[in-house]
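Novice: Sequence first, then the predicted structure, then my questions.
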Amino acid sequence: MSLRVSILLFDDFSNMVLSCLMEPLRVVRDQAGIDLRFEVMTPDDRPVTSSSGLRVTPDAALATAARPDLCLLIGGDRFREAAVDPALWRHLRPARTADLVIAADTGAWLMAAAGLLDGCRATLHWHLLEEFGEVFPSVTVSPDRHVRDGALWTCGSAATGLDLILAFIRERFGPAAAFEAESMFLHDGARQASDPRFGPGLRGRSSDRLRKVVARMAATLEAPPSLAELAHAANLSERSLNRLFQRELGQSPARYLQSLRLARARDLASHTDLGLDQIALRCGFSSASALSRAFKHRTGRSIRQPT
C-alpha cells in the first residue's frame, strides 16, 4: 500500500494544524512500514512563513509535481488576500488534481473562492462560519467538527483536524493503524506515569479494556504473553478477548501483538546499532532469522531496507 501526500501551505498557516494532520500519518508510515511520501508545496513555489514565524521551503514546483493521492490544504491567516489573488486557481493545482482533499483551517475558504465547493457541504474554523456562509451562499456550511462530501474533507481547528485525520486513517489503513496513532498522541500524564512504556489514556474510540490489554502487550515484548495469559489478566475468556480485538481493531490479538513486536524491531533496526540477534531478543523472537522471516512475511522487504 502506498500514499503520495501533497501538503499545500499558504502564508501564516498554523503549525499546530499542520502537525495534527501530518504527524498521525507519519506514525502510520513508521509503525506499519507503509510507502507514504510527503511533498510540501506553496503558492508561486516560494517559501512561506507560519503564523508563529516558522519558514518553510517547498519540496516541489506546483507545475511539475506528480498528481497526489491526498492533498492537505492548509490555509493561513491571510486567506482573504489569497482568495482574491488572480493566480489562486493555479495555486490550488494539487487540490484540484488529488484523489482526495483535506482542507483545514481556512483552506475551505480558498477552495470556495475558486469555485471548488459549489453545491458542497463544508466547514472551516469556527469563528468564520457565519461570514463564510454569507460570502459563499452556494456552499452548505456545517458547524460539525469535520465534514466529508465525496472526495473533499474539511475541518477548522487543530483539534478537529486531529479527529479528521484519525477518521481518514481508520478508513484507509484500518482501525489498528488509527489506534496506534491515537496511542501516540491522545493520552494523559497521570496514566502514562503509571505505565511509562505505554500511555493508554486515550480519548478515542477504543475501550478501557482494550487499552489495558494493549498496554500489557507493549510492556512485555521481550517475553510476549500467551493469549490465555492476556485473557486471564483482563478477566476475559480467550473467546471474549478475540471478539474484543476483532470488534475494535479488526484483527486477532495474536496478529496485533505481532505488529507491536515488528514495529519495535523496525524502530531498533532503523535508529540503533544493535545487531539483529539483540533486536530479536528484545522483541520476543527466538533468533535473528526468525525475526527476519516474520518481517519479510508481513512487509515483503528486509527489516533494514529503507522505507
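Specialist: Cool, got the structure. Residues are numbered from 1 along each chain as shown.
Novice: chain center to the helix or strand harbouring A294: distance?
Specialist: Element membership for A294 (DSSP states H and E) is helix 288-299. Distance of helix 288-299 from the chain centroid (CA atoms, centre = their mean, to the nearest Å) equals 26 Å.
Novice: Run through the neighbouring helices and strands of that helix.
Specialist: helix 253-271, helix 276-282 (3 or more CB pairs under 8 Å, 6 or more residues apart in numbering; DSSP states H and E). The C-beta positions use only the backbone N, C-alpha and C, and glycine is treated the same way.
Novice: Redo those as JSON lines? Include distance to R26 and mean neighbour count.
Specialist: Compiled in JSON lines, the helices and strands packed on helix 288-299 are given as follows (distance: least, CB to CB, whole Å; neighbours: other CB atoms under 10 Å):
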{"stretch": "helix 253-271", "distance to R26": "13", "mean neighbour count": "18"}
{"stretch": "helix 276-282", "distance to R26": "22", "mean neighbour count": "17"}
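Novice: Pull out the buried residues from the helix holding A294.
Specialist: By neighbour count with 16 or more other CB atoms under 10 Å, helix 288-299 contains the buried residues A288, L291, S292, A294, F295, T299.
Novice: what sits up against that helix?
Specialist: Outside helix 288-299, the residues within contact range by CB atoms under 8 Å, 6 or more residues apart in numbering are 33, 258-259, 262, 265-266, 275-277, 279-280, 283, 285, 301-303.
Novice: of the residues you listed, closest to G250?
Specialist: Out of the contacts of helix 288-299, the one with the shortest distance to G250 is S259. That distance is 11.8 Å, counting by CB to CB.
Novice: isn't that closest one right up against A176?
Specialist: Yes: here S259 reaches A176: they are 6.8 Å apart, a contact under CB atoms under 8 Å.
Novice: Could you verify that S6 is part of a helix?
Specialist: No: with the criterion set as DSSP: H, G, I helix; E, B strand; the rest coil, the secondary structure at S6 is strand rather than a helix.
Novice: What is the neighbour count of A108?
Specialist: When neighbours are defined as other CB atoms under 10 Å, A108 has 32 of them.
Novice: how close does it sit to A223?
Specialist: Applying CB to CB, to the nearest Å, one obtains 50 Å for the distance of A108 from A223.
Novice: Which residue ranges of this protein form strands?
Specialist: Counting by DSSP state E, the chain forms strands over residues 2-9, 35-41, 48-49, 55-56, 70-74, 100-104, 121-122, 140-141, 146-149, 152-155, given from the N-terminal end onward.
Novice: any chance of these in a markdown table, plus distance to E182?
Specialist: Converted to a markdown table, the strands of the chain look like this (distance: least, CB to CB, whole Å):
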| stretch | distance to E182 |
| --- | --- |
| strand 2-9 | 19 |
| strand 35-41 | 18 |
| strand 48-49 | 30 |
| strand 55-56 | 27 |
| strand 70-74 | 19 |
| strand 100-104 | 18 |
| strand 121-122 | 25 |
| strand 140-141 | 29 |
| strand 146-149 | 16 |
| strand 152-155 | 17 |
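Novice: Any chance of a markdown table for those, columns mean neighbour count?
Specialist: Shown next, in a markdown table, are these (neighbours: other CB atoms under 10 Å):
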| stretch | mean neighbour count |
| --- | --- |
| strand 2-9 | 22 |
| strand 35-41 | 17 |
| strand 48-49 | 18 |
| strand 55-56 | 12 |
| strand 70-74 | 27 |
| strand 100-104 | 26 |
| strand 121-122 | 22 |
| strand 140-141 | 19 |
| strand 146-149 | 19 |
| strand 152-155 | 27 |
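Novice: Nearest approach to L210 belongs to which of these?
Specialist: For the strands of the chain, proximity to L210 was assessed by CB to CB; strand 146-149 is nearest, at 24.1 Å.
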